[in-house]
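A.B. asks: Build me a structure from this.
(4 chains)
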Protein chains: 4
Amino acid sequence: MSRIPVGVLGATGAVGQRFISLLADHPWFEITDLLASERSAGKRYGDAANWVLETPMPRTVADMTVKLGTPGNIEARILFSALPTEDADVMEPALAGAGHYIFSNASSYRMTEDVPLVVTEINPEHLNLVRTQQANRGWQGFIVCNANCTATHLVGALHPLDLAFGLDKVFVATMQAASGAGYPGVPSLDLIDNVMPHSYGEEDKVQAEPIKIMGTLVDGGIRPASFKVSAHCHRVPVVDGHYEAVSVALRRPASGDDMIAAFRSYRRLPQELQLPSAPDPAVMVMDQLNRPQTRLDRMAGRGMATVVGRIRPCNLFDWRFSLLGHNTIRGAAGGSILNAELMVQQGMIAR
Amino acid sequence: MSRIPVGVLGATGAVGQRFISLLADHPWFEITDLLASERSAGKRYGDAANWVLETPMPRTVADMTVKLGTPGNIEARILFSALPTEDADVMEPALAGAGHYIFSNASSYRMTEDVPLVVTEINPEHLNLVRTQQANRGWQGFIVCNANCTATHLVGALHPLDLAFGLDKVFVATMQAASGAGYPGVPSLDLIDNVMPHSYGEEDKVQAEPIKIMGTLVDGGIRPASFKVSAHCHRVPVVDGHYEAVSVALRRPASGDDMIAAFRSYRRLPQELQLPSAPDPAVMVMDQLNRPQTRLDRMAGRGMATVVGRIRPCNLFDWRFSLLGHNTIRGAAGGSILNAELMVQQGMIAR
Amino acid sequence: MSRIPVGVLGATGAVGQRFISLLADHPWFEITDLLASERSAGKRYGDAANWVLETPMPRTVADMTVKLGTPGNIEARILFSALPTEDADVMEPALAGAGHYIFSNASSYRMTEDVPLVVTEINPEHLNLVRTQQANRGWQGFIVCNANCTATHLVGALHPLDLAFGLDKVFVATMQAASGAGYPGVPSLDLIDNVMPHSYGEEDKVQAEPIKIMGTLVDGGIRPASFKVSAHCHRVPVVDGHYEAVSVALRRPASGDDMIAAFRSYRRLPQELQLPSAPDPAVMVMDQLNRPQTRLDRMAGRGMATVVGRIRPCNLFDWRFSLLGHNTIRGAAGGSILNAELMVQQGMIAR
Amino acid sequence: MSRIPVGVLGATGAVGQRFISLLADHPWFEITDLLASERSAGKRYGDAANWVLETPMPRTVADMTVKLGTPGNIEARILFSALPTEDADVMEPALAGAGHYIFSNASSYRMTEDVPLVVTEINPEHLNLVRTQQANRGWQGFIVCNANCTATHLVGALHPLDLAFGLDKVFVATMQAASGAGYPGVPSLDLIDNVMPHSYGEEDKVQAEPIKIMGTLVDGGIRPASFKVSAHCHRVPVVDGHYEAVSVALRRPASGDDMIAAFRSYRRLPQELQLPSAPDPAVMVMDQLNRPQTRLDRMAGRGMATVVGRIRPCNLFDWRFSLLGHNTIRGAAGGSILNAELMVQQGMIAR
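C.D. replies: Residues are numbered from 1 along each chain as shown, chains lettered A, B, ... in the order given. Here you go, the predicted model:
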C-alpha cells in the first residue's frame, strides 16, 4: 500500500525539523514536499537546514530539494505547518484556499471561530468544524490547528479530571524549555543560571486555549467550556520538556485514589484506534514523590504522552499535581500529525 | 567603639560561609568564634572549609582556628547558627541554656510555640516572645529563628499587601536555587537540563511559616494569621536566587496602581533605624515586563531585598505577580543577622 | 536458541543501570543476576534503584530481586562489573577466582600486568592475556577491563591514525560530562555556570591507558606503545558525552584528506563480525565546522561510536581535531559488553 | 579636580554596558557621550538599552540621551569602542581622523601594523606606535586596541614565564563563556547541556595576537615574538569567565617553585603606578588542586586579574597549568580602560 504524500511548511526551522524527524519513518505518510522561504528554496535540504535535533537528519530527506511554499508548486494535499506566525497568517489561508489540508502548529488561527483547535484525545468531534470553515470560505482545503505546547499538556491532564469530576478552577505555573522558542530562539545569556518570565502572550494562550479545546461543538460552532485558568509562565534552563505545577478545584468530590483512577482509566479514540503516533497510555501516572522530572520523563510515550505525578491535596482548591510533556513532540509536530492520522483513519481526508 | 563578639555555629558549611562573608566587615559585630564538628575542630579555618562562595574567603578568618561548638568553649554570647537540623535539634537548646543568644537559620524550632520566627520588617514585636521562652525554660539565653528561604521572600512581598488590603488566599509556585540545599547538596545529574520537584516538607514550611510570621503576639503567644497558602515547590538549574510566581486574593479591592503603591511605600523598622544590613527599599518593584530575572536581580539591596514585578490581574484571584530574592543572603544568613542587629539596637541584648 | 545468562555487579548505581539498559534487549545475553551491596540485597530492583537514565527502567528487570554479589550466590558465569573501585579491588579477584568471567568497568586492575585492557576494535588480541592471568593466579575465571571513558574515545580516534601514519605525540584537553562521576557524583554547585578542573588521577589514566591499550602482546605480556600523551581534564555542565580537543604529531606525513581517509576506512573485527553492540562505522567523521557538539552527537552509533571533526593543521604538531563520545555507553557499560560479545563469538567463553 | 570626559561607542550592547558599568564611578573619567546607531539615537539610555549585567544600570547614565556616534556630534576626545567589527571598520578611523583617541575592543585593527595592540602590564611601550600611526595617516587622534578576551588572559599568564624563562611553545585549549558573543549572542539551544566548538577565526586570533603583543617595538614597528601557539577554542555553558588549559615549552629550565615565583613576583607598570583599574597582583596564583574554577574565581581583582593554578609537569612540554579570567571585564572593557589610564597618567593624552 503506497503511503500518502505530505509536505512540511517551514521545513528548515526547529519545529519543521521535528515534523520531518517524526514523519521520516511514518507508516502512512511520505514526505514529498519540503517547503521554505526564498532563502532556502532551491537548496538541498541537508545544506539549507541547520539541524538541531539530537537524532540524526533522516537520509531520505537530506538530498531532497527545498521548494518555495506557494500554491501550484506543491505535490502533497496534506501540509504540516511549522510556519512562524506572521507567515502562517498569510500562507495558511492561501494554501487552504488552493485545496490543501493544513495541519498547523502556528498560533495564527487557533482561536478563529470556524477553525478547529484539536487535541486528538479530547475533542476529535471538533474536526467537523472544517465543514463550516469550508462553507464559510468557499475552500476545498481547510486549516486544523493543534494547541500551544503548554496548553496541550495542560488539557491532556485536565480532560480526564473534567470527565470524571467536572472542572471548575485551574491554577498553573509553568517551567518551560528553551526549544519552545525555536532556533536561534532564546539567547543563552537569558537562560544559563536564570529563570526568565515568559511573555504575557503565552499566558493568555494557556488561559484561553483550554476553554476552546474542552468546549462543545454545537450548531457548527464551539460553546466554550465554563472553567477558568490562571497561568504563570516561565522559561527555565532545560532543552526540551514543559513542566507544569497545577492546582484544581473540581465540581464533584474526588479522593486521591479517584484522581489516580481517572488518569489511569483514560483511554480515548487515538488509543482505541491505535493510531500510529498515539501514546498508550495517553496520560502516564508516576508514583515516586520526586517524579516527573523534565530530563528523565519528557520522552514518555516517545514524547507523545503527558506525565502526571505528585498528586496531593491543595490548601485552597482540591488537588495539587505536577505534569510534564515534550513541547516539540506532543506539544507541536506530533500533535499535528496525530490529528492528521485521525482524519485519514476516519475517512475525512481522501487518501 | 569596640565591636560585639559573635560566633558562627556550623561555620564550615555553605550557610556558615555566607554568615562569615556577611559578618567579616560588619560595623557592629566581630567574629570571635568559628564553631564546627569534630571533623574540623582544631584546624585552621582556611584548611577546614571548602569555600564555595564567589567572593573570596575573608583574610581575617582564614587563619582563625575552628573550635568545637560546645558550651564553655565559646567567647561570644551571640551565636549565629548554620547548623544542620539534626545538630540544631540538640545543640541550640544546650547553648541557649548556657546563656547564648542563638540566631538560628535551622528549621528545628521555627514552629515551636515559644520561639519567635522573625522577618525583621514584618514582626519585630515577636522578638519579645524570648521572655516567655526564657521563663518557660529557665534559660539566660534564647533562640530566635529566621524563616525558610522561600517563605522569607514570600512574606516579604505579602506583608505590604496584607497591611494595605488584607490577605485572604495565596497561591505560590517556586523555582528554587541549588544553593538552598547547601554543599554538596543537589547532585548535578538532578539539575542540569532538569526541573526537580522539591520535597513535600519544603512545601509544608512555605505553607505554615507565613501564618506564624504574620500572626499576632497576644498574651505571650502567637495567634496565627487567617490567610491560607498553597505552595508548589521546585528546584531549577540556578546557583542562587529563589523565584516565586504568586496569585493573591485580597480582602479589600486594589487597583494595579494601589498594588504598586503598597509595595513602594513599604518602609519598616529596619529601614527607619537604618540597621547596617537593612535593604532600602525592602521591596523593590520592577517595571519591565521581563523582570525580575534570577541572575540579574538576586543581588538587589546587596541580596537583602525582595524584588517584585509583573503585577497583573488574575483570572481566579485578584492579582498575579512574580517575586525573587536571594536565598542564602536574605533567605538565610542575612535574615538572622538583621534580627540580631535589631535586638542590639533596641537594647534587647547587652552589648 | 537460548540466551547466555549474565549478571551485573553494582547493579543499582548509574553505570549498573546503563549495563542493564543495554543488556535488557540483548540478542545474546540475558540478565539473570542483579548484584549489589547489603543495602539493596533482598529488595525488588525497582525499589532498590533510583533510576537516573532518560530511558525507562526495563520492565523485566524491575521485579527481579537484588542479590548480594558474593561467590556461590550467582547463577551467571559472565559478570559485568560496575563496582566502585574500592569494592572492585576485593570482589573482582574473589569472583574471578570462583570461576566467573569479569568484564570490568572499574579502574582497579586496568594497569595490572596480566589483566587485558581492551577496546574491542583496537587490541582484541590482548584478550589472550587472560591465559597468562589464569596461569599466574590459578583461576578458572578471569578479569578483562575496558578503559577509562575519556581514554576509550581518545584511543578510538588515535588508533586509525597510528595504523596509517604512526603516532608520536598527543596533546588532549577534555570537557567531560557529569555522568562520568556516577550518582550522586558531582554537586550541582560545582557544575552550574562553572568549569571544574578534574582530578590529577583522571589525567594520569588518560595519559597511561592508551599506552597499554595500543601496546603489543609479546610473550604473554604487553609491550607499551611508544607515543606520549599530555592530558588536561575538566568537567563542564553537560549530562552525558565527553568532548576532547586533540593535537597529534605523526611519524609519517599526512594530508587532511589522508586523515579523513584513515578515519573513514577504519573497520575492524567488531564491524566485520557485526557484533551486536558494534557501531558501524566505529569512527564517524563530521564535515560541518561546528561539529561534533556534545548534545547533538553523543548518541552517534547508539552511543557506541567515536565522533571526529574539525580536522585542521596544528601550529606545533601536525593536526588538530575534536572528538566526542558517550561516556557511559561506549566509555563504560557498552565497552565492556562489546568485549564480552567478541569473546563469546570467538569461542573464548563457553556459552 | 574635574574628571576627564569620555564617550562610549556602541553603548547599548553588552560590552558597551560593561564599559558604562566600569566607568560610572571612575575616579578620573566621566561619561559624557553615549553613542549608538540610529535605532537608539535620541532615546533615553534607560529605554534604549536592554541591560544584561548583574549589577544595576548606573542611575547617572539611565537618563542620558543616546547620540549618534558621528564626528562633530561628540563632546569627549577619549572614546571607548564597543562597536561590532563591521561598524568599527568604518567608524574608528573616521573618528580617529577627527581627532578622537579611540580605545577599541573591536578586532578590526588589532593586527594592523601601525596600531598598538596593548595589554597594559605587558607592552605599554607599544603605545608609542600611535606616533607612527598619526604620522602615517595624518591623524590628530589615534586607535589603540586591546586584545581578544581569550588572548588577553593567555598572555597575562605567559608574559611572566617569558620574562623569567623564555617562551618557546604554547598549547592552549579554551572553555569560553557565553557573554563573549554579546547579546543576543549564542542561542541557548547551543549551550544548554552542550559543548560548542568555537569558530576557526577565534582560534586564529588566539594564535596570532600573543605574537604581536609580546613582540618588540623596533624602529616604529613591531617585531613579532618568536614563540608559537596552537589553540583549540570552545564555548561551554557558563555566563562569564574564560577557562584555559595550557602546556608550555620554555627556553630555560624551571622548577615548579620557579614557576610559582615567576607568577607571584610579576609586578608591572600598572601595579607600580597604582592605576585605578589595575589589579594587584596582576596574576593570582591559587594553591588548591581544584582551582581556578570559573564561577568562583572570575571576579578575582574585580575581574581584572588573571588567575593561575594547577601548575604540574607536562609529558610533552615542560609545564601544564590552568588559567582563568573575566572575559568582558579584563578581557574587554576593563582592558581598554586600563590602557587609557596609563596614557593619561603618562601624559600621552592631554587631560
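A.B. asks: what domains does the record give for chain A?
C.D. replies: For chain A, automatic domain parsing gives the domain ranges A:4-147+A:333-345, A:149-326.
A.B. asks: The longest one near chain D at all?
C.D. replies: Yes - in terms of C-beta under 8 Å from any C-beta of the partner chain, part of domain A:149-326 sits within range of chain D, namely A:178-179, A:183-193, A:237-239. In short, each C-beta sits where N, CA and C put it, glycine included.
A.B. asks: What's the end-to-end length of that domain?
C.D. replies: Start-to-end span of domain A:149-326 (C-alpha to C-alpha, to the nearest Å) is 8 Å.
A.B. asks: So A:His242 sits against A:Gly156, correct?
C.D. replies: No - using C-beta atoms under 8 Å, A:His242 makes no contact with A:Gly156, being 11.1 Å away.
A.B. asks: Overlap of the contact sets of those two?
C.D. replies: Counting by C-beta atoms under 8 Å, 6 or more residues apart in numbering or on different chains, the residues touching both A:His242 and A:Gly156 are A:Gly325.
A.B. asks: Poorly predicted segments of the stretch 251-351 of chain A, please.
C.D. replies: Along the stretch 251-351 of chain A, the parts satisfying pLDDT under 70 run over A:351.
A.B. asks: So which residues of it form helices?
C.D. replies: Using DSSP state H, counting those that start in this stretch, the helices of the stretch 251-351 of chain A run over residues A:256-264, A:269-272, A:294-297, A:334-345.
A.B. asks: picking up where we left off before, which one of the domains of chain A lies nearest to C:Gly301?
C.D. replies: domain A:4-147+A:333-345 (10.3 Å; C-beta to C-beta).
A.B. asks: ok now that closest one, how far from the chain's centre?
C.D. replies: Relative to its chain's centre, domain A:4-147+A:333-345 lies at 12 Å (C-alpha atoms, centre = their mean, to the nearest Å).
A.B. asks: okay, how far is it across that domain, tip to tip?
C.D. replies: 12 Å.
A.B. asks: and it, does that touch chain D?
C.D. replies: Yes - against chain D, domain A:4-147+A:333-345 shows contacts by C-beta under 8 Å from any C-beta at A:14, A:52.
A.B. asks: does any part of that domain sit near chain C?
C.D. replies: Yes - judged by C-beta under 8 Å from any C-beta, domain A:4-147+A:333-345 comes into contact with chain C through A:51-56.
A.B. asks: okay, the helices of the stretch 251-351 of chain A in a markdown table with distance to B:Glu341 and mean neighbour count next?
C.D. replies: Shown next, in a markdown table, are the helices of the stretch 251-351 of chain A (distance: least, C-beta to C-beta, whole Å; neighbours: other C-beta atoms under 10 Å in any protein chain shown):
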| stretch | distance to B:Glu341 | mean neighbour count |
| --- | --- | --- |
| helix A:256-264 | 46 | 16 |
| helix A:269-272 | 62 | 16 |
| helix A:294-297 | 41 | 24 |
| helix A:334-345 | 56 | 24 |
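A.B. asks: coming back round to it: restrict the residues of domain A:149-326 next to chain D to those near chain C?
C.D. replies: Near chain C, by the rule C-beta under 8 Å from any C-beta, you find A:192-193, A:239 out of these.
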